[in-house]
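In: Return atomic coordinates for the entry below.
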Amino acid sequence: MLDEAFRVMGDGVYLQSRQSADLFNVAHFRAKAKTTRILMREPVFADDSELVAHSAEVMQKIVDAFSDVSKKFDLKINTKKTELLYQRNPTRTREEDIMVDGNMLNSPTSEALYQLMDALTMKYRGRLTRLDYLSAD
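Out: Have a look, this model is predicted:
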């Protein structure tokens with residue numbers, strides 16, 4: 001389904017990679033001959049998928065293509081469970097809304113994001129504390 005949706009679309013997030021022993025030498029990424037550009041648009045995790053883009057306009061195009069193809073396969077996007085995560089652009093006064101079939105996607109509140117990050121951070125802190133405890137012996 002994803003191949004059908006994005007067959008002719010070149011929008012998404014491009015990652016630049018290099019396959020050599022000098023992987024961590026950032027200066028080598030300037031040499032275009034030995035680098036590869038990989039288009040990331042729809043990372044899939046188990047039964048979830050993500051759509052990624054650099055701008056709201058491109059994201060709307062990707063969501064529209066995904067919605068059109070899901071209709072062809074008789075699938076429906078659940079807009080109640082679908083959430084829009086984005087990093088605010090400091091140069092814009094307001095962000096554009098992403099719509100799916102006339103329904104605006106939910107953006108989680110910053111409090112919900114802080115709770116998620118806090119839960120992940122607490123797990124990580126616990127691991128660091130335990131390692132410090134083991135190294136003290």
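In: I'd say Asp97 and Met104 touch.
Out: Yes. With contact defined as C-beta atoms under 8 Å, Asp97 counts as touching Met104 (4.9 Å). C-beta here means a position set from N, CA and C on the backbone, and glycine is covered the same way.
In: pLDDT at Asn103, what is it?
Out: Here the pLDDT value assigned to Asn103 is 85.
In: Please apply the same query to Ser17.
Out: Taking Ser17 on its own, its pLDDT is 66.
In: same question, Gln60
Out: At Gln60, pLDDT is 87.
In: Touching, it and Ile98? I think so.
Out: Yes. With contact defined as C-beta under 8 Å, Gln60 counts as touching Ile98 (5.7 Å).
In: Counting neighbours around each, name which of these two comes out higher.
Out: Shown here are Gln60 and Ile98; by other C-beta atoms under 10 Å, Ile98 has more neighbours (21 against 16).
In: Domain boundaries for this protein, per the record?
Out: 2-106, 109-137 (automatic domain parsing).
In: Which one of those domains has the poorest average confidence?
Out: domain 109-137 (a mean of 57).
In: contacting residues for the nearest residue to Thr82 once chain neighbours are set aside?
Out: Excluding the flanking residues, the one nearest Thr82 by C-beta to C-beta, 6 or more residues apart in numbering is Leu105, at 5.5 Å. By C-beta atoms under 8 Å, 6 or more residues apart in numbering, Leu105 lies in contact with 63, 79, 82-84, 97-99.
In: Give me the buried subset of these.
Out: 63, 84, 98 (16 or more other C-beta atoms under 10 Å).
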